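Undergrad: sequence below, structure please.
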Amino acid sequence: MKLFLIIGTLTQGGSERVISELANEFARQRKEVHLVLFVKSNDFYKLHPDIRMHRLGFRNNGAIQRIASELQTFYKLRKLLKKQKPDAVLSFLEKENILTILASRFLHLKVFVSDRSNPKRKKPKQIAFLKWLSYKFAAGVIAQTSLAKEILEKTTKNKNIKVIPNPLKSVKLYPEIKREKYILNIGRLIPEKGQKYLLEAFVGLNVPDWKLVILGDGPLRCELINQAKQLHIDHQLLMPGVVNNVDDWFARSSIFAFPSISEGFPNALAEAMAAGLPCVSFDCDIGPRDLINDRVNGILIDVYDVEEFSKNIALLINSPEKRELLGYEAMKIKDKLEITKISQAYLDFLQSP
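TA: Below you'll find the predicted structure:
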């Protein structure tokens, strides 16, 4: 089976991680895997040596050159698909999906596309129109969550949409590391990740012997540091930025707090659950409820309800037994999101009539 996987780059990111893991798993299963990258950039993820790379060299250096480069990329992709005649094409991310569908028109190829962002997020009118125009011609569409599927069915009119969650990144456990009084959060420091609500919730705990750890970087870093100072909790806040030893932090922490107000698929939450952490999460419309069964393997709180968020973190702080029970149940997410299961779900869909 000859498979073409298409994405913009392999720089560090959630979508890039997923497509690289799928490509590697397909290659291990002895499929002929071709990975097409639109943009010239350095690769962050390591790939199986049998994967065949195609770099189309898109450049974005000003409006005029961008348009010329888009046209060149379009024709390069169409020429490549016409020559190789893959059994199935899988594209990730909206702009890449639109271009791939249009470039493959009338080539009699099975093109599948995967949406990765929150489908409720408002899009530029041009993208929304092109998506409505093109997605109906895809052989199938992959959504990450059940709500995303409902929205895509309404907005794209494509009738062949399947929910396939992200595969879980391998999380290394360190049973020899003792858990400390850390409340952990991981995410880019942007409004959608809601760290400002976490700072407000932490104030309400009044636990001077606990620390709040936020891993990640982004444009809100200074704003969050200033907020912590105004709330007089800056001495309890650790913000080491982007780290390479995330699994160490999972092992050292006692609670995972996830205050996102918008998600595509909450990878950090899934990884924290796999590491055995009890998790308190805002029930934003996309993502957490697909992973957490409330009060069974985690706790869901209405979005923006900082008081309840704080109360439930306090509940876990005061009950080591509750933390242990929720963490034990949370670890079962590993079976659901194991890479071989997810990759097989993709293959079954790509091979469907």
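
Undergrad: who's in contact with whichever strand or helix holds residue 101?
TA: For residue 101, the host element (DSSP states H and E) is helix 94-103. Helix 94-103 has contacts (C-beta atoms under 8 Å, 6 or more residues apart in numbering) with 6-8, 38, 70, 73-75, 77-78, 81, 89, 91, 111, 113-117, 123, 127, 130-131, 134-135, 137-138. C-beta coordinates here come from the backbone N, C-alpha and C atoms, glycine included.

Undergrad: could you pull out the strands for the chain?
TA: Remark: strands assigned in the chain by DSSP state E are 2-7, 32-39, 52-58, 88-92, 111-114, 140-143, 161-163, 182-186, 211-215, 237-241, 255-258, 279-282, 299-301.

Undergrad: still on that earlier bit, got the angle for the helix holding residue 101 vs strand 88-92?
TA: Here helix 94-103 runs at an angle of 150 degrees relative to strand 88-92 (axes from the mean of the first three to the mean of the last three C-alpha atoms, to 10 degrees).

Undergrad: list the buried ones in helix 94-103?
TA: By neighbour count on 16 or more other C-beta atoms under 10 Å, the buried set for helix 94-103 is 94, 96-103.

Undergrad: again with stretch 70-79
TA: Using 16+ other C-beta under 10 Å as the test for burial, stretch 70-79 gives 70, 73-74, 76-78.

Undergrad: cool, stretch 342-353 as well?
TA: So for stretch 342-353, counting by 16+ other C-beta under 10 Å, buried means 342-343, 345-347, 349-350.

Undergrad: sitting in helices, which of those do you find?
TA: Using DSSP state H, the members of the buried residues of stretch 342-353 that fall in helices are 342-343, 345-347, 349-350.

Undergrad: could I get those as JSON lines with pLDDT and distance to residue 19?
TA: Formatted as JSON lines, those follow (pLDDT from 0 to 100; distance: C-beta to C-beta, whole Å):
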{"residue": "342", "pLDDT": "97", "distance to residue 19": "12"}
{"residue": "343", "pLDDT": "97", "distance to residue 19": "11"}
{"residue": "345", "pLDDT": "97", "distance to residue 19": "15"}
{"residue": "346", "pLDDT": "98", "distance to residue 19": "10"}
{"residue": "347", "pLDDT": "97", "distance to residue 19": "14"}
{"residue": "349", "pLDDT": "98", "distance to residue 19": "15"}
{"residue": "350", "pLDDT": "97", "distance to residue 19": "13"}
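
Undergrad: look up how far residue 236 lies from the residue of the chain positioned farthest from its centre.
TA: Most distant from the centre of the chain: residue 208, at 33.3 Å, with distances by C-alpha atoms, centre = their mean. Going from residue 208 to residue 236 by C-beta to C-beta, to the nearest Å gives 7 Å.

Undergrad: same thing with residue 201?
TA: 13 Å.

Undergrad: which of those two has more neighbours?
TA: Taking neighbours as other C-beta atoms under 10 Å, residue 201 and residue 236 compare with residue 201 leading, 26 against 20.

Undergrad: excluding its backbone neighbours, what's nearest the more buried one?
TA: Ranked by C-beta to C-beta, 6 or more residues apart in numbering and with sequence neighbours excluded, the top spatial neighbour of residue 201 is residue 310, at 3.9 Å.

Undergrad: wait, that neighbour touches residue 204, no?
TA: Yes - contact criterion C-beta atoms under 8 Å: residue 310 and residue 204 qualify, at 3.8 Å.

Undergrad: so between the two, which is more surrounded?
TA: When residue 310 and residue 204 are compared for neighbours, residue 310 comes out ahead with 22 against 14, by other C-beta under 10 Å.

Undergrad: now for the more buried one: which residues touch it?
TA: Neighbouring residues of residue 310 by C-beta under 8 Å, 6+ apart: 200-205.

Undergrad: can you give me the distance of residue 113 to residue 24?
TA: 21 Å.

Undergrad: more neighbours: which of these two?
TA: Comparing residue 113 with residue 24 by other C-beta under 10 Å, the one with more neighbours is residue 113, at 28 against 20.

Undergrad: what bridges to that one?
TA: Under the criterion DSSP bridges, residue 113 forms beta bridges with residue 91, residue 141.

Undergrad: spit out the contact partners of it.
TA: The contact partners of residue 113, by C-beta under 8 Å, 6+ apart, come to 90-92, 97, 100-101, 135, 138, 140-142.

Undergrad: likewise for residue 50?
TA: Taking C-beta under 8 Å, 6+ apart, we find residue 50 in contact with 27, 33.

Undergrad: then residue 270?
TA: Contacts of residue 270 by C-beta under 8 Å, 6+ apart are 166, 168, 291, 333, 337.

Undergrad: repeat for residue 287
TA: Residue 287 neighbours (C-beta under 8 Å, 6+ apart): 144-145, 260, 263-266, 269.

Undergrad: and the closest residue to residue 32 other than its chain neighbours, how close does it get to residue 226?
TA: Distances taken as C-beta to C-beta, 6+ apart place residue 2 nearest to residue 32, at 4.4 Å, with adjacent residues excluded. Here the distance between residue 2 and residue 226 works out to 54 Å (C-beta to C-beta).
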